[in-house]
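>>> the following block contains a protein sequence and its predicted model.
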Amino acid sequence: MFISMSNLKILALAGLAIVSCLLLVVRFCPVTRQPSKYPKGSEMYYLAWIDHGRSAQKAAAAYALSKLNRKTQYHKALLLRNRYSDPIDGILIYDGVIGDMLLLSLFDMAPEEQRLSAIALMNRKYDERFGWVKTDDVFEGEVVDFYFDGPGEAALRLLSHGNISARAIEILLDYSRSFYLDDRIRAKDVFDLFPEMPAYDPYPQPTTINDLPEITRQQISAIQEWLKRNIDMLRWSSSKRAYRISATGG
């Protein structure tokens, strides 16, 4: 039986369309049961909301997941993250920030596997609008309205796993100057990984966004000088989870 070249092209295109549809079906196939099937506040509960919820609910669940201290469902989180990894997905509202939050949850579980992706996120051009999730939707009894600083969160996580860089330190110092106490406490948590570093107190409250208390200004200045002298000699100890000065580089 003879098949013309034009028919072969049609068959090839049809085959490609079928494969593409199958890939989309697999990609968006649910990886969890409904959220009601899991204990509220659990890792699987938040993954299920990301899997089955509306856009704002997915974002709120991804935010809550990113803040969980203990996460183990790497494979399921990776399958969900893959839904938000292509540029075309960015046309959907909140897809970008959901992808960032899932990426950092993956980094929490497997820092080495996700290190380069976290570095790329940290180095991404800053755009404050990108991290806002502002809706009238309700999740767990509260209106979904929050900001997620993807590059900043990536920098703090990288530093917390021994990945020190000038960009990460720059972001850490920005957090230490923040008007918001939560940001300053986050900075303090990372500063504590440098036991030889000068002290930092996150609690003095700026009177305005651009007005640091004098004690905070002095402390940050001392930290900057210390880093300037020692940053090339800092080495990460995985066993002690701390940075130490090592003149020999070991």
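Thanks, I have it.
>>> how far away is the closest residue in space to Tyr74 that isn't next to it in sequence from Arg83?
Of all residues not flanking Tyr74 in the chain, Met109 sits nearest, at 4.6 Å (C-beta to C-beta, 6 or more residues apart in numbering). Glycine gets a C-beta too; all of them are placed from N, C-alpha and C. Using C-beta to C-beta, to the nearest Å, we find Met109 at a distance of 18 Å from Arg83.
>>> out of the two, which sits in the more crowded spot?
For the pair Met109 and Arg83, the greater number of neighbours falls to Arg83 (19 against 16), based on other C-beta atoms under 10 Å.
>>> dihedrals phi and psi, the more buried one?
phi -70, psi -20 (degrees, to the nearest 10).
>>> also Phe139?
Main-chain dihedrals, Phe139, degrees, to the nearest 10: phi -130, psi 120.
>>> list the beta-bridge partners for it.
Glu142 (DSSP bridges).
>>> in the helix or strand where Ala118 lies, which residues are buried?
Using DSSP states H and E, Ala118 sits in helix 115-122. Neighbour counts over helix 115-122 (16 or more other C-beta atoms under 10 Å) mark Arg115, Ser117, Ala118, Ile119, Leu121, Met122 as buried.
>>> which residues touch it?
Contacts with helix 115-122, where a contact means C-beta atoms under 8 Å, 6 or more residues apart in numbering, come from 100, 103-104, 106-107, 111, 150-151, 154-155, 157-158, 161, 163, 165, 167-168, 171.
>>> at 10 Å what do you get?
81, 85, 99-100, 103-104, 106-108, 111, 114, 150-159, 161-163, 165, 167-168, 171 (C-beta atoms under 10 Å, 6 or more residues apart in numbering).
>>> what about the most centrally placed residue in the chain, which helix or strand?
In the chain, the residue lying closest to the centroid (C-alpha atoms, centre = their mean) is Leu104, at 3.3 Å. Element membership for Leu104 (DSSP H and E) is helix 95-109.
>>> so that helix versus helix 115-122, what angle?
140 degrees (axes from the mean of the first three to the mean of the last three C-alpha atoms, to 10 degrees).
>>> could you list every helix and strand in contact with helix 95-109?
helix 43-52, helix 55-67, helix 74-81, helix 115-122, strand 132-139, helix 150-159 (3 or more C-beta pairs under 10 Å, 6 or more residues apart in numbering; DSSP states H and E).
>>> how about 8 Å then?
Under the contact criterion of 3 or more C-beta pairs under 8 Å, 6 or more residues apart in numbering; DSSP states H and E, helix 95-109 touches helix 55-67, helix 74-81, helix 115-122, helix 150-159.
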